[in-house]
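Trainee: Below: sequence and its predicted model.
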Amino acid sequence: MKGQTPKRNTNKGTTDKTKSTIWRRIFVWCFNICLLCGIGIFGYVGFIYMRMPSLDYILHETRPAAIVFLDRDGNEIRSANRIMGSPVSVDTLPPHVWQAIIAIEDRRFFDHGPIDVRGITRAVFSNLAHGRMASGGSTITQQTAKNIFLSREKKISRKVQELILSYWLENRFSKNQILDLYMNRVSLVGGLRGIDAASRTMFGIPATQLSVGQSAQIAAMLKAPTTYSPLRNPEKNIARARVVLTEMVRQGYISLDSARLAAQSLRPATPTADTNLYRYWTDYVMDELKSTLGAFETDVYVYTTLDTDVQGRIARILPEHIGESQAAVVAMERDGALRAMSGGSDYQASQFNRTTAPRQPGSAFKPVVYLVALENGMLPDSYVNDSPFAIGDYNPRNYNGRYYGDITLATAFAKSVNSVPLKLTETYGIDTVLDMAGRLGVGTKLRREYSTVLGASEMTLLDLTNIYAVIWNNGYSVRPYSIIRITDMHGNTLYERNPSEPIQILSSHTVESMTQLLSDVIAPGGTGGRARVDGALGGKTGTSNDNRDAWFIGATDKLVIGVWMGNDDFSPMDSKVTGGTIPAEIFRDIVVQ
């Protein structure tokens, strides 16, 4: 109608209001979802963080103290408890060592943060192009976090922990310090950590001496230590090392000419020498170390008396002689410095150290009795009577069943007859004999009975050899020792041998006569004739009942060498095996070589 006011379109307003409400609800809904997701993510990260071990504790994790054994010349022969190489750093290494690592593992390490977005993007496109995992995007910081703190489990939780740790490392340490951590903790060979351990194992040198080519070969292993090992797969290692050298040129670390020279030097790694020949020695020294220092927590260097040349000769000779039985050898200088020790012919087969195992010395104990006679005025040319002798039910015969009647003391000793030392003991008293043994260092371990005179009381090869060392040390006391000094990893001295003045146990007259008797043993007609060789001064044989033990103790102008042979179960050996056969031959061969 004319003049009537048109009605407002209320439907449109209602529609707009409804749409606004819907969008508002969608926004609130999305906001709540995002908030819940954020809370969930934050909670999950917090939960993962709470389950992480203490960062400070792991960085300063405790481990058994590493022990490095060195020979008399200061050369390393073996180590124990060593799970890491010597510490290295960017400042102490030749630049090309750490540059090789940066070039192949994380070229933008010094430019990016905990993660490298550009590197991840590049890795994604590379993997898509190749249709496989051709490259990774982990930074050195991430790898350090994984190497130090985490297992290799492929779980989301581990990756979250890795990211948290990476940010923590970047905020706490400088780039150089993170690189130091990486180089010291990365595991490349045999479960040992650090590039120094890898360098020593594969090239026999510390990481501070690595050449450009060797640095490239170690960097080549980082992708997959076993696959690219220069020990197991030298061809693959060398091929990847060439890639490392190429990257070093591209990134300006080395010149093209240097890379070419380094490429020409690439070689398969040489396995380290077998150190099992030192294991009996280092086991013995380990016991001495614990006795000397007690408990210790710092890494130590133990400077020992070992002569590796003598030890090597013994290791070569023993397997050639002993067959199915076992043998042990100890060599010491006259002042007690132990120069070699082999507790058996094969450490892998048996770790039992027979140089410290008590066995019956047989006739090798007789010099103790003869020393008593010489000290009481007898001479090598004094006459004694070799004839059957019995004390109660104890009536031992001579080994060959023969008796020689009236003979000189020297002849009785050289032929190792049994009746004469028994008669000498009856004359001077068994307590006098045991007292002499005590002066020589073994008296408290012996039984007070006549069978002891013929070697029925057990003693170790080391103790028995020490008796002879006193004789060849001009009658002065000898105390075997294996450790010269001990230092910590910084060179601070923890122990240094400070020997006391030796005590004169035997007179010069007694020593002179005794060394003459020992010389006659290896002369023609003596029981130790097979030990006769240029450089040998003398010796003494010993064989226990039923050929269970066979011994020869002899000397040169530098060494006193003790040899034992027998079976671990105390069963008899072949009747042909006596102290004058295989043990004497082992002594001879050690001296000759």
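Mentor: Looks like it came in fine.
Trainee: for the residue nearest to residue 110 when sequence neighbours are not counted, phi and psi?
Mentor: In space, and not counting its chain neighbours, residue 110 is closest to residue 175: 5.4 Å by Cβ to Cβ, 6 or more residues apart in numbering. Using the backbone N, CA and C atoms, a C-beta is placed for each residue, glycine as well. The phi and psi torsions at residue 175 (degrees, to the nearest 10) take the values phi -60, psi -40.
Trainee: pretty sure residue 175 is touching residue 112, no?
Mentor: No. Counting by Cβ atoms under 8 Å, residue 175 does not reach residue 112; the two are 10.0 Å apart.
Trainee: Now do the contacts for residue 230.
Mentor: Counting by Cβ atoms under 8 Å, 6 or more residues apart in numbering, residue 230 touches 202, 217, 220, 221, 237, 238, 267, 268, 269.
Trainee: Pull out the buried members of those residues.
Mentor: 202, 217, 220, 221, 237, 238, 268, 269 (16 or more other Cβ atoms under 10 Å).
Trainee: Does the nearest residue to the fifth one once chain neighbours are set aside lie in a helix or a strand, and which?
Mentor: Computed as Cβ to Cβ, 6+ apart, the closest residue to residue 237 that is not its neighbour in sequence is residue 230, at 4.1 Å. Secondary structure from DSSP states H and E places residue 230 outside every helix and strand.
Trainee: ok, back up a step: which one of the contacts of residue 230 is nearest residue 285?
Mentor: Ranked by distance to residue 285 (Cβ to Cβ), these are led by residue 202 at 26.6 Å.
Trainee: if I've got this straight, that closest one is in a helix?
Mentor: Yes. Assessed by DSSP: H, G, I helix; E, B strand; the rest coil, residue 202 belongs to a helix.
Trainee: wait, isn't it in contact with residue 232?
Mentor: No. With contacts defined as Cβ under 8 Å, residue 202 does not count as touching residue 232, sitting 10.6 Å away.
Trainee: And the pLDDT for residue 288?
Mentor: On the pLDDT scale, residue 288 is placed at 95.
Trainee: Kindly report the same for residue 376.
Mentor: Value listed for residue 376 in the pLDDT field: 96.
Trainee: Counting neighbours, what do you get for the closest residue to residue 196 other than its chain neighbours?
Mentor: Using Cβ to Cβ, 6+ apart and skipping residues adjacent in sequence, the residue nearest residue 196 is residue 85, 2.8 Å away. Residue 85: 23 surrounding residues under other Cβ atoms under 10 Å.
Trainee: where does residue 85 sit relative to residue 354, distance-wise?
Mentor: 34 Å (Cβ to Cβ, to the nearest Å).
Trainee: cool, residue 266 as well?
Mentor: As judged by Cβ to Cβ, residue 266 and residue 354 stand 45 Å apart.
Trainee: now residue 534
Mentor: Relative to residue 354, and taking Cβ to Cβ, residue 534 is found at 29 Å.
Trainee: Of those two, which one has the most company?
Mentor: Set residue 534 next to residue 354 and count neighbours by other Cβ under 10 Å: residue 354 wins out with 23 against 7.
Trainee: Next, the contact list for the residue nearest to the more buried one when sequence neighbours are not counted, please.
Mentor: Counting by Cβ to Cβ, 6+ apart, residue 328 is the residue found nearest to residue 354 once chain neighbours are left out, at 3.7 Å. By Cβ under 8 Å, 6+ apart, the residues touching residue 328 are 342, 343, 344, 353, 354, 355, 357, 461, 563, 564, 565.
Trainee: who's residue 328 bridged to?
Mentor: Using DSSP bridges, the bridge partners assigned to residue 328 are residue 564.
Trainee: can you check the one 5 residues further on too?
Mentor: The partner list for residue 333 in beta bridges (DSSP bridges) reads residue 559.
Trainee: Surely it touches residue 559?
Mentor: Yes. Between residue 333 and residue 559 a contact is recorded at 6.3 Å, counting by Cβ under 8 Å.
Trainee: okay, the two: which has more neighbours?
Mentor: More crowded of residue 333 and residue 559, by other Cβ under 10 Å: residue 559, with 23 against 18.
Trainee: what pLDDT does that one get?
Mentor: pLDDT for residue 559: 97.
Trainee: how much space between it and residue 310?
Mentor: Note on residue 559: its distance to residue 310, by Cβ to Cβ, is 7 Å.
Trainee: Can you work out which residues contact both of these two?
Mentor: Common neighbours of residue 559 and residue 310 (criterion: Cβ under 8 Å, 6+ apart): 331, 339.
Trainee: Show me the helices in the stretch 351-500 of the chain, by range?
Mentor: In the stretch 351-500 of the chain, the helices defined using DSSP state H, counting those that start in this stretch lie at 366-375, 409-414, 419-428, 430-439, 461-472.
Trainee: Residue ranges in this protein under the pLDDT threshold?
Mentor: Filtered on pLDDT under 70, the chain yields the residue ranges 1-19, 35-63, 116-137, 148-161, 191, 272-275.
Trainee: all strands in it, in order from the N-terminus.
Mentor: Secondary structure of the chain (DSSP state E): strands located at 67-70, 76-80, 187-189, 192-193, 300-304, 326-333, 338-342, 383-386, 405-408, 483-488, 493-496, 538-543, 549-555, 559-566.
Trainee: and residue 278, how far is that from residue 367?
Mentor: 31 Å.
Trainee: Oops, could you answer that again for residue 88 instead?
Mentor: 55 Å.
Trainee: Ok, residue 373 next?
Mentor: Separation of residue 373 from residue 367 (Cβ to Cβ): 10 Å.
Trainee: Find residues that contact each of these two.
Mentor: Shared contacts of residue 373 and residue 367 (Cβ under 8 Å, 6+ apart): none.
Trainee: who's in contact with residue 516?
Mentor: So residue 516 contacts 380, 410 (Cβ under 8 Å, 6+ apart).
Trainee: Let's see that with 6 Å instead.
Mentor: Counting by Cβ atoms under 6 Å, 6 or more residues apart in numbering, residue 516 touches residue 380.
Trainee: how much space between it and residue 523?
Mentor: Residue 516 sits at a distance of 10 Å from residue 523 (criterion: Cβ to Cβ).
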